[in-house]
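Q: Predicted model and sequence below, questions to follow.
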Amino acid sequence: MIPSRKSVPTRYFSPLLGMLAAQGVDTAGLLALAKIDAGRMERSDGMLSPPEVEALVIATNRLTGRTDLAFETARSIKLNSHDMLGYALLSCRDLDQMLRLASRYYHLINELFAMQYTRKAGAGQVVFTPVVAMPVQAMRFVMELIAVSVHNQLEMVLGAGVPYEACMGMPAPAHHARYTTLIPARFRFDDSALPGIAMAFDAALLDRPLPMAEPKVVEQIEERLQSLQRRPVPDRGWGDYVVMLLREAQGQQVTLEDIAQRMNISARTVDRNLKKEHLNFRDLSQQVRLERARELLLQRGATVSRVAEQLGFSDAANFSRAFRRQMGVSPGAFQQQALSARNA
């Protein structure tokens, strides 16, 4: 995986360290275990790369045994945690304006994900999509951080009991029952979907006036933010990024158009950037499908025809031909070799 230059501010992880310190966890030792400089965590302009986020997640899990730390940390992230942009968001006239503003400047909050907001007559949708290839634990930690902090911030401006629906493109975490405390918001987890978060809001909620509306403040801050706007796309490693999305969407046949739509760019742009790396989407998709095929064939009771069906092949013969081209053996022979090795 090619390292990304994109990062996320350390200020979103400071509540985690504060919470752990209050519980008696040796946070200095934790940061040393993650190989992260403690001084950088205290700086207002400190940033963490995706591998550093992963190292921090692994270190905290190892020292605490908890899986719900992203959920817990997110409850401490407020709108004013977002620096200058946060004050503009607090000053919006309604949720619709707030979401439009946030989606334009979301890269100032988190460079690892893009935020897209669309509004139709009866409803609006917000989609958060990863824009860099990153380790899976880091991606899922940041996804939970985004989802729960957004919920927390909605309650700050709209009051408790905000009704909306959210779909998380990841397996349900061990602590998924904690999400029932966010009712009437309804969260569901789908490990067959593309990685990301999709939130749906009805029009009445989008148009509800916010209590701290200050149009002049929004205008003044946005003038200062204009120079910082840029399209959030992978800065390097488009092949790594596309493979990450394909691997995570285990049960879904993802097309080039699907990925382009989630990034709010054209399929031609994705294709052009893959070609710069001497790659094409069809080969990457086939590579990931056959990686998944190997995993499924090793499961107890798996049959060639069933695996072909799960992966979307038209029939077992087409699957067998594709598998043989990639692996040099038939799916049945692969199963037999794996079984023999396991018994040995």
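A: Nice, I can see it. Residues are numbered from 1 along each chain as shown.

Q: mind listing what's buried in the longest helix seen in the chain?
A: The helix that spans the most residues within the chain, counting by DSSP state H, is helix 136-158. Across helix 136-158, burial judged by 16 or more other CB atoms under 10 Å covers 138-154, 156-158. Heads up, the C-betas are built off the backbone N, CA and C, glycines and all.

Q: any idea of the mean pLDDT in the following helix or strand past that helix?
A: Going down the chain from helix 136-158, the next helix or strand is strand 165-168, by DSSP states H and E. In this model, strand 165-168 has a mean pLDDT of 97.

Q: And stretch 325-340, by the same measure?
A: Stretch 325-340 comes out at a mean pLDDT of 84.

Q: Stretch 85-94 too?
A: On average, stretch 85-94 scores 95.

Q: ditto for stretch 57-70
A: Stretch 57-70 comes out at a mean pLDDT of 92.

Q: Kindly report the same for stretch 7-21.
A: Averaging pLDDT along stretch 7-21 gives 90.

Q: and the end-to-end length of it?
A: 24 Å (CA to CA, to the nearest Å).

Q: Val243: which element?
A: helix 238-248.

Q: residues of that helix that come out buried?
A: Quick answer for helix 238-248 (16+ other CB under 10 Å): 238-246, 248.

Q: gap between the longest helix of the chain and the chain center?
A: Chain-centre distance of helix 136-158: 10 Å, with CA atoms, centre = their mean, to the nearest Å.

Q: try stretch 282-297
A: Using CA atoms, centre = their mean, the offset of stretch 282-297 from its chain centre is 22 Å.

Q: avg pLDDT for that stretch?
A: Here stretch 282-297 scores 86 as its mean pLDDT.

Q: Next, the buried residues of that stretch.
A: 284-285, 288-290, 292-294, 296-297.

Q: quick one: which two of those are the most distant?
A: Distance extremes for the buried residues of stretch 282-297: the farthest pair is Leu284 and Leu297 at 20.5 Å, using CB to CB.

Q: Poorly predicted segments of the stretch 101-250 of the chain, please.
A: 227-236, 250 (pLDDT under 70).

Q: re the thing from before, between the buried residues of helix 238-248, which sits nearest Asp258?
A: Closest to Asp258, out of all of the buried residues of helix 238-248 and judged by CB to CB, is Leu245, at 8.7 Å.

Q: just to revisit the earlier point, tell me which two in the buried residues of helix 238-248 are the farthest apart.
A: Farthest pair in the buried residues of helix 238-248, by CB to CB: Trp238 and Glu248, 16.0 Å.

Q: measure Ile183 to Val136 for me?
A: 28 Å (CB to CB, to the nearest Å).

Q: quick one, what contacts the nearest residue to Pro215 once chain neighbours are set aside?
A: Counting by CB to CB, 6 or more residues apart in numbering, the nearest residue to Pro215 once its immediate chain neighbours are dropped is Arg93, at 6.5 Å. Residues near Arg93 by CB atoms under 8 Å, 6 or more residues apart in numbering: 209-210, 213, 215.

Q: Please indicate which of these are buried?
A: Using 16+ other CB under 10 Å as the threshold, 210, 213 are the buried ones among the contacts of Arg93.

Q: Okay, and which of the contacts of Arg93 map to helices?
A: Going by DSSP H, the helices hold Pro215 from those.

Q: Strands along the stretch 51-200 of the chain, start to end?
A: Per DSSP state E, counting those that start in this stretch, the stretch 51-200 of the chain carries strands over the ranges 113-119, 123-130, 165-168, 186-189, 197-202.

Q: how about Phe128, what does it touch?
A: 113-116, 143, 146-147, 196-197.

Q: Could you chop this structure up by domain?
A: Domain assignment for the chain by automatic domain parsing gives 68-228, 238-343.

Q: Tell me which of those is the most buried.
A: Highest mean neighbour count of these: domain 68-228, a mean of 18 (counted as mean count of other CB atoms under 10 Å).

Q: Thr27 against Ala21, yeah?
A: Yes. In this structure, Thr27 is within contact of Ala21 by CB atoms under 8 Å, at 4.9 Å.

Q: Please name the residues that touch Thr67.
A: With CB under 8 Å, 6+ apart, Thr67 has these contacts: 61, 173-175.

Q: For it, which non-adjacent residue is spatially closest?
A: Nearest one to Thr67, counting by CB to CB, 6+ apart, is Ala174 at 4.6 Å.

Q: count of neighbours near Ala22?
A: When neighbours are defined as other CB atoms under 10 Å, Ala22 has 9 of them.

Q: Glu42 versus the closest residue to Asp83 other than its chain neighbours, what's the distance?
A: Spatial nearest neighbour of Asp83, chain neighbours left out: Leu108 (7.4 Å); criterion: CB to CB, 6+ apart. Leu108 sits 20 Å away from Glu42 when distances are taken as CB to CB.
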